[in-house]
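[1] What would the 3D arrangement of this be:
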Amino acid sequence: HLTTSLPLPSERDHLRPRIDMIVFMIDIKSKCSLKNVEASLAHVDASFFLGKVCFLVTGVGRVNYCSVDMNAIWKLGEAYCSPVLFCELELEGVRVATAQRLLRMLQICAGHIPGVSALSFGTLMRSSADD
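    Residues are numbered from 1 along each chain as shown. The predicted structure follows:
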């Protein structure tokens, strides 16, 4: 399910499926997208930041058109203990690989991978990013 911002409208709460993971998309060419993500973060329960949130930065192949400070994005990932993924949506191979990675993360967050919790997965992501 997609939304452009949070909070979600409450009138459909009874029809909404369980939310297992939240992916915040930031278009590196749009300061507005970063501001929207920052505003939406206030509406996410703190327990979701224990391995069930990630930031997906798009447009990374066009650094010449970059409007968003990369340090601001890294600080979001650090502040919310959430992984930051990068993707160039215009390249099919990268797009497919990113979709597969997100799907695997979702499977873990939803509890469909035995022996791996969203919390331990988040720790693994941070450990590999530090190497």
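[2] just how off-centre is stretch 36-54 within its chain?
    Centroid separation for stretch 36-54 versus its chain: 9 Å, with C-alpha atoms, centre = their mean, to the nearest Å.
[3] And the longest helix along the chain, what's buried?
    Identified as the longest helix of the chain according to DSSP state H is helix 92-109. Buried positions in helix 92-109, judged by neighbour count with 16 or more other C-beta atoms under 10 Å: 98, 102, 105-106, 108-109. Every C-beta, even on glycine, is put in place using the N, C-alpha and C of the backbone.
[4] Let's have those residues in CSV, adding pLDDT and distance to Cys32.
    Shown next, in CSV, are those (pLDDT from 0 to 100; distance: C-beta to C-beta, whole Å):
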residue, pLDDT, distance to Cys32
Thr98, 92, 22
Leu102, 92, 23
Met105, 89, 26
Leu106, 90, 26
Ile108, 88, 31
Cys109, 86, 27
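[5] okay, the residues you listed in TSV with distance to Ser5 next?
    Shown next, in TSV, are these (distance: C-beta to C-beta, whole Å):
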residue	distance to Ser5
Thr98	22
Leu102	20
Met105	22
Leu106	21
Ile108	26
Cys109	21
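[6] between the residues you listed, which is nearest Leu41?
    Cys109 (17.4 Å; C-beta to C-beta).
[7] who touches the closest one in this structure?
    Residues counted as contacts of Cys109 (C-beta atoms under 8 Å, 6 or more residues apart in numbering) are 20-21, 51-52, 118, 121.
[8] Arg18 now?
    Counting by C-beta under 8 Å, 6+ apart, Arg18 has no contacts.
[9] before we move on, what about Phe48?
    Applying C-beta under 8 Å, 6+ apart, the residues near Phe48 are 19, 22.
[10] How is it assigned, secondary-structure-wise?
    Under DSSP: H, G, I helix; E, B strand; the rest coil, the three-state class of Phe48 is helix.
[11] what helix or strand is Leu85 on?
    Using DSSP states H and E, Leu85 maps to strand 84-87.
[12] typed the wrong thing, it's Leu2
    Using DSSP H and E, Leu2 is not contained in any helix or strand.
[13] What pLDDT does the model give it?
    Looking at Leu2, its pLDDT is 79.
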